[in-house]
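Asker: sequence and computational prediction follow.
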Amino acid sequence: MRRGVKERLDFIDFRLFWEGRINRSDIIERFAISTPQASKDLSLYESMAPGNLVYDVSAKKYLASSSYKPRFIEPSSDGFLMQLRNISDRTLPIEETWLGTLPSAESMPIPNRRVNVHVLRDVIRSIEKRTALNVLYQSMNMERPGPMWRWVVPHALAHDGLRWHVRAFCEQTDRFKDFLLSRCLDSGAERQTEVRANRDKYWNECFSVVLVPNPLLSEEQQKVIAQDYCMEYGQIAVSVRKALLYYFNKRLRLDVAKAIDHPKETPVVVLNERAFQDVLAEVDRS
């Protein structure tokens with residue numbers, strides 16, 4: 001099956017699953033194809049997924065039948081909600097998605113961090129070429145109150161849930177560190193380097209954080225939390241790069257779980273807490 005045909009069949013399945021209906025004009029507008037081609041696609045879908053479609057003469061639409069089952073897609077709640085969030089954030093035009101009618105939705109506004117597009121381009125190129133890059137960086141270290149040029153060797157990008165970082169070797173401090181992309185004010189020359197990503201121990205090593213429902217919640221509440229987090233036998237192991245454990249700790253508020261009076265604000269806690277804290281301390285000392 002040609003890629004374009006497969007994509008249109010996926011689209012038909014997507015609309016039938018999420019909205020329960022589709023017509024030729026939906027396919028024509030989304031893929032800029034002719035009416036006869038859209039009719040062929042619907043006929044092909046009917047032949048490959050018999051019983052999934054019912055034509056409503058009065059509405060002039062194809063409806064998902066009562067026995068409908070997805071044939072070409074694996075429906076994903078995460079995928080649907082991610083598109084909905086991106087539309088709400090205005091980072092993705094609805095025309096670039098497969099969504100038709102939208103539920104009323106809004107996401108909490110978070111001030112954007114400005115990332116210099118030229119710096120980002122240079123960082124990406126440096127990662128690809130495995131070179132060292134001179135970057136003008138504004139640290140929050142009180143001993144370095146102003147921006148400083150420093151040679152770094154970028155090898156990866158990371159998002160902590162709110163901000164983008166570049167993971168890089170810092171020649172000034174002789175260690176691998178995280179640099180906020182929004183604080184990279186400018187970029188300059190690049191040069192060859194012998195530093196490679198395989199030397200970044202805490203980026204290449206992972207730690208399995210075992211999460212369980214907060215035991216201070218009621219039994220029924222713990223069951224719901226276990227369901228929320230897709231836990232099996234009341235727990236879930238999340239593999240996290242050691243370099244990102246600090247952010248994981250902060251985003252899930254694991255660091256304040258014991259200090260908060262309302263357990264509903266920290267629905268999960270760390271089961272293997274001692275090992276977790278040991279690794280956090282080890283990374284921090286490095």
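Answerer: That came through fine.

Asker: could I get the phi/psi values of Asn116?
Answerer: Summarising the backbone geometry of Asn116 under the convention degrees, to the nearest 10, its torsions are phi -60, psi 120.

Asker: show me the contacts for it.
Answerer: 184-187 (CB atoms under 8 Å, 6 or more residues apart in numbering). No exception for glycine: its C-beta is placed from N, CA and C like everyone else's.

Asker: any idea how far it lies from Ser25?
Answerer: 43 Å (CB to CB, to the nearest Å).

Asker: again with Asn272
Answerer: 55 Å.

Asker: do Asp10 as well
Answerer: The spacing between Asp10 and Ser25, counted by CB to CB, is 18 Å.

Asker: compare the two and say which is more crowded by neighbours.
Answerer: For Asp10 against Ser25, the residue with the higher neighbour count under other CB atoms under 10 Å is Asp10, and the figures read 16 against 12.

Asker: would you mark the buried spots in the one helix or strand that one maps to?
Answerer: Assigned by DSSP states H and E, Asp10 belongs to helix 3-19. Burial within helix 3-19, assessed by neighbour count using 16 or more other CB atoms under 10 Å, is assigned to 8-18.

Asker: so how far is that helix off the chain centroid?
Answerer: Centroid separation for helix 3-19 versus its chain: 23 Å, with CA atoms, centre = their mean, to the nearest Å.

Asker: and the helix or strand following that helix, what does it pack against?
Answerer: Taking DSSP H and E as the definition, the helix or strand that follows helix 3-19 towards the C-terminus is strand 21-22. Counting by 3 or more CB pairs under 8 Å, 6 or more residues apart in numbering; DSSP states H and E, the packing neighbours recorded for strand 21-22 are helix 3-19, strand 61-64.

Asker: select, out of those, the one closest to Ile94.
Answerer: With CB to CB as the measure, helix 3-19 is the member of the helices and strands packed on strand 21-22 nearest Ile94 (13.5 Å).

Asker: for the residue nearest to Leu211 when sequence neighbours are not counted, what are phi and psi?
Answerer: With sequence-adjacent residues excluded and distances taken as CB to CB, 6 or more residues apart in numbering, Leu211 is closest to Val268, at 4.5 Å. Note on Val268: its backbone torsions stand at phi -120, psi 150 [degrees, to the nearest 10].

Asker: Val268 contacts Leu216, doesn't it?
Answerer: No: counting by CB atoms under 8 Å, no contact exists between Val268 and Leu216, whose distance comes to 11.5 Å.

Asker: between these two, which has more neighbouring residues?
Answerer: Ranked by neighbour count (other CB under 10 Å), Val268 and Leu216 place Val268 first, with 24 against 17.

Asker: okay, strands next: where are they in the stretch 151-286 of the chain?
Answerer: Chain-ordered strands for the stretch 151-286 of the chain, with DSSP state E, counting those that start in this stretch as the definition, fall at 164-170, 175-180, 184-192, 206-213, 236-241, 268-270.

Asker: wait, which of those strands is closest to Leu157?
Answerer: Distance to Leu157, taken as CB to CB, is lowest for strand 164-170 among the strands of the stretch 151-286 of the chain, at 5.8 Å.

Asker: go through that closest one and flag the buried ones.
Answerer: Neighbour counts using 16+ other CB under 10 Å place 165-170 of strand 164-170 among the buried residues.

Asker: mind pulling the model confidence for Gly234?
Answerer: Residue-level confidence at Gly234 comes out at 95, pLDDT.

Asker: related to what we said a few turns ago, possible to save the buried residues of helix 3-19 as TSV with distance to Ile110 and pLDDT?
Answerer: As requested, the buried residues of helix 3-19 are arranged in TSV below (distance: CB to CB, whole Å; pLDDT from 0 to 100):
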residue	distance to Ile110	pLDDT
Arg8	36	96
Leu9	37	97
Asp10	32	97
Phe11	31	96
Ile12	36	97
Asp13	34	97
Phe14	29	96
Arg15	31	96
Leu16	34	96
Phe17	31	97
Trp18	27	95
